[in-house]
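Asks: only geometry, no sequence info:
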């Protein structure tokens, strides 16, 4: 069939690009999983980490498709935060976590600035307690 | 510092999916035209999707949550068993609900 060689080449390039991105993604995903296991005071076996990483990659591809469908449905070419939150509609807890994160992003201050201010306020409290004791 | 995904990596993966889908739409359109059906204004319709910077950051967060939820849920199963290592059996137990939730 005409043009089939062309599409084979496209497919090869596509597959190669996917593999590179999948590797980088896997690397990050495993790092996140390890860190989270540590937070839970647990060890985590390598096959579990790889499985979670691969699932997450598939989820990412699905997310891309959903974002396209939602933004198109709204008559837009570009996906925005509302589209992402829509993707999380299956679990209310998840949706509200995302909404909070979304509000933080929208807020005037970057997250680190707010945390720094909170920390310094706590320090002030501590010093004043020391003074009270003496 | 909290580990998370690089939004640029997520953007790259999204772009790959979106351009693949745009290509598919192009191919389908060609087939339709050969069969005598003409799509109106299809070239405008077929630019690949994009996402703004905040959407990418939020997507990275969603993906991070997917992983942390998977680990946390599996960890609680392991904990209930009295072991301190998350194995595939623990992951298997929580997978159905995880996939339903996401």
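Replies: Ah, there it is. What you see is a predicted model; the values in this text were computed from it and never measured.
Asks: quick one: the strands in chain A?
Replies: A:43-44, A:78-79 (DSSP state E).
Asks: wait, chain B
Replies: B:50-51, B:85-86.
Asks: which neighbouring elements make contact with the first one?
Replies: Which is strand B:50-51. Applying 3 or more C-beta pairs under 8 Å, 6 or more residues apart in numbering or on different chains; DSSP states H and E, we find strand B:50-51 packed against strand A:78-79, helix B:7-34. (C-beta placed from N, C-alpha, C; glycine too.)
Asks: now tell me which helix or strand of the chain has the poorest mean pLDDT.
Replies: Answering for chain A, as no chain was given. Scoring the helices and strands of chain A by mean pLDDT, DSSP states H and E places helix A:111-133 at the bottom, with a mean of 51.
Asks: correction: the question concerned chain B.
Replies: The helix or strand of chain B with the poorest confidence is helix B:42-45; it has a mean of 58 (mean pLDDT, DSSP H and E).
Asks: and the pLDDT for the closest residue to residue B:17 other than its chain neighbours?
Replies: Using C-beta to C-beta, 6 or more residues apart in numbering or on different chains and skipping the chain neighbours, the partner closest in space to residue B:17 is residue A:64 (3.7 Å). pLDDT recorded at residue A:64 is 98.
Asks: residues near residue A:64, how many?
Replies: Counted by other C-beta atoms under 10 Å in any protein chain shown, the residues lying close to residue A:64 total 24.
Asks: my guess is it contacts residue B:18, does it?
Replies: Yes: between residue A:64 and residue B:18 there is a contact under C-beta atoms under 8 Å: 6.2 Å.
Asks: output the below-cut-off pLDDT ranges for chain B.
Replies: For chain B, the stretches flagged by pLDDT under 70 are B:1, B:35-45.
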